[in-house]
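Undergrad: make a model of this:
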Amino acid sequence: MEKLYKVHMGKAKCAVDLGDGSERGEYVNQDYILNRLGRPHRSISLMYCYYPLDKEWPARISEAMKDADVSFQWDYSYDDYFPYLGGIGGSTDGEPFTFMRDIRRHGQDVTLTLTIDPAVSDEQLAAIGDDLRPFGRMMLRINHEATGNWFSFNKRADYQEVADFYCRAVRIIKEHAPNVSAILCIGGVENPETGEIEKEKEFSQAVRDTDIWSVDKYMALHWGWPYDVAEHGGNSHNRSSVRQTYDMTKASYERFKYINGGVQKPMVMSEFNSDGDVTGAYEQAEMVRLFCDILKSENADWFSGFTFYQFRDRGRLGLEIEDPNNPEVGIEQPVMDTYRKIIHDDWFLPKMTRSEETSLPVTLRWGGSEDADGIEIPVHFDANPVFCELYFEDDSNLMLEIKGRWFYKSPQAHIIDLMPAFYNSQLNGEADLALRIFAPPASGENDLSVEDGLINSYTVIEKLPKIRIRYTAIEKSLD
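TA: Reported below is the predicted structural model:
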């Protein structure tokens, strides 16, 4: 490895994010997800709630009210998400911060969904902003699906009050954490005859005040889970067509832009899937594939990205279903293979741009998963390898990519086996490949003492790893 180049990682044509944990499933560590899917996501979405004025707080409400007579997921006194343990009187030593650090160490941004009691004070909102300052270019989705009627914040305030709270929360949190981008997630143009978004009068100011527009859209959904089973004639599930879902999302974007005076903002789908409870596993995978095919075929440059909900689910909304015998085990669904192929398509991959040749020592900059400066090392292969390993002599925290396959090197790891990049796609002869190296923050947090540490993290590489390539077995066969 003699030559060394600078390389920039930028935005994909369409970003892919992934939900990891919710009321329907537990958090799965990023090492497992990376090895199952072969690449990091732009962002990992976490779901938490903050109701500090309630007597049950900070318990998870389904545990605090485990003997309550509940017949719907959202019948508890507050939302059954994991409790946000920061804020006034809280700590960033626990959740969600431990998971946020795990996500960022693995070269991904954080999307934090947070349902918040609209009665919290300005000081409590400011404390949330202070909590989020070290976590780089993260996204915050406050009181999502706000035009619905199922979450507790909608039961405690009318729609205008919910919309006004959103604007207040965004303003205060961003004053303390300018690194945070706010996502407004509301109902879109559900009725094409009116052409308006749901509760347009109430939420027009929020549309203008937010950074990112979003709708949650399931092409099929069994919202009665886990209290009933979806069957013919039931009233706790629905299904729409793939085309209807795409058209509704685009119409919503156009209406958001109209409300914003014709000025566009990023448009995402913060929860996207098709529920296997309704469609079965095979059609679930097919619908997800068809939607992504439409994004590509129609060159949907107005659409910034979607979040697949979710990695592991106790129902049928996951790439894996949680094993009922052991919650730490996932059972792969057909949509896993479909999704893996989608996220390795060029349309959904971050753009890599190689620039000038450089030399050691070299400083790598991590601004986020859509803005990072790394290094690229040309590697020549005489044939398909039998062994291919990297040997490191330092405690760096790195994300490595070769042949489209990504690997994580923690500060404790010193040997990284690159052979998984070749298992499913072997070389047919000689080849020149690029080994790319990026350096997200080892602690998962930015160093705020650095001048631009609110946004960027820096790592100096003094020495390159040694590479070991062998093309035959170490010892010949005795047969």
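
Undergrad: pretty sure His344 is touching Gly38, no?
TA: Yes. Here His344 reaches Gly38: they are 6.8 Å apart, a contact under CB atoms under 8 Å. To be clear about C-beta, it is placed using only N, CA and C from the backbone, and glycine gets the same treatment.

Undergrad: quick one: mean pLDDT for stretch 145-157?
TA: For stretch 145-157, mean pLDDT rounds to 97.

Undergrad: ok, Gly107 - contacts?
TA: 40, 366, 369, 372, 399, 406, 408, 438, 440 (CB atoms under 8 Å, 6 or more residues apart in numbering).

Undergrad: most neighbours, which of those?
TA: When neighbours are taken as other CB atoms under 10 Å, the top entry among these is Ser369 (29 neighbours).

Undergrad: any idea of the mean pLDDT in stretch 223-243?
TA: Rounded mean pLDDT across stretch 223-243 is 95.

Undergrad: all further residue positions should be reported with the first residue as 621.
TA: Yep, numbering from 621; the last one is stretch 843-863 now.

Undergrad: got the contact list for it?
TA: Residues outside stretch 843-863 that contact it (CB under 8 Å, 6+ apart) are 644, 690-693, 839-842, 868, 895, 897-899, 907, 910-911, 914, 934-935.

Undergrad: what about the closest residue to Ser642 other than its chain neighbours, how many residues nearby?
TA: Once flanking residues are discounted, Ser642 sits nearest to Met667: 4.4 Å by CB to CB, 6 or more residues apart in numbering. Neighbourhood size, Met667 [other CB under 10 Å]: 27.

Undergrad: quick check: which element contains Met667?
TA: For Met667, the host element (DSSP states H and E) is strand 663-670.

Undergrad: tabulate the CA atom coordinates of that strand in PDB.
TA: Extracted C-alpha coordinates of strand 663-670, given in PDB (Å, rounded to 0.1, in the frame of the first residue of the first chain):
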ATOM      1  CA  SER A 663     -28.900   7.400  10.600                       C
ATOM      2  CA  ILE A 664     -30.300   5.100  13.200                       C
ATOM      3  CA  SER A 665     -33.700   6.000  14.600                       C
ATOM      4  CA  LEU A 666     -34.400   5.600  18.400                       C
ATOM      5  CA  MET A 667     -37.800   6.100  20.000                       C
ATOM      6  CA  TYR A 668     -38.100   7.600  23.500                       C
ATOM      7  CA  CYS A 669     -40.600   9.600  25.500                       C
ATOM      8  CA  TYR A 670     -40.400  12.400  28.100                       C
END
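
Undergrad: list the helices and strands it packs on?
TA: strand 635-639, strand 702-703, helix 717-725, strand 729-736 (3 or more CB pairs under 8 Å, 6 or more residues apart in numbering; DSSP states H and E).

Undergrad: make CSV out of the ones you listed and add mean pLDDT, distance to Tyr1043 and mean neighbour count.
TA: Shown next, in CSV, are the helices and strands packed on strand 663-670 (pLDDT from 0 to 100; distance: least, CB to CB, whole Å; neighbours: other CB atoms under 10 Å):
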stretch, mean pLDDT, distance to Tyr1043, mean neighbour count
strand 635-639, 98, 22, 25
strand 702-703, 97, 36, 22
helix 717-725, 98, 25, 23
strand 729-736, 98, 29, 25
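
Undergrad: in JSON lines: these, plus distance to Gln953.
TA: Converted to JSON lines, those look like this (distance: least, CB to CB, whole Å):
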{"stretch": "strand 635-639", "distance to Gln953": "14"}
{"stretch": "strand 702-703", "distance to Gln953": "24"}
{"stretch": "helix 717-725", "distance to Gln953": "23"}
{"stretch": "strand 729-736", "distance to Gln953": "23"}
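
Undergrad: and of those, who's closest to Asn763?
TA: Ranking these by proximity to Asn763 (CB to CB) places strand 729-736 first, at 5.6 Å.

Undergrad: and the angle for the closest one with strand 635-639?
TA: Angle of strand 729-736 versus strand 635-639, following axes from the mean of the first three to the mean of the last three CA atoms, to 10 degrees, is 50 degrees.

Undergrad: in its sheet, what does strand 729-736 sit against?
TA: Applying DSSP bridges to the sheet, strand 729-736 is found paired with strand 663-670 (parallel), strand 759-762 (parallel).

Undergrad: looking at those, which is closest to Glu1095?
TA: strand 663-670 (43.0 Å).

Undergrad: ok, and for the closest one, which residues are buried?
TA: Within strand 663-670, the residues that count as buried by 16 or more other CB atoms under 10 Å are 663-670.
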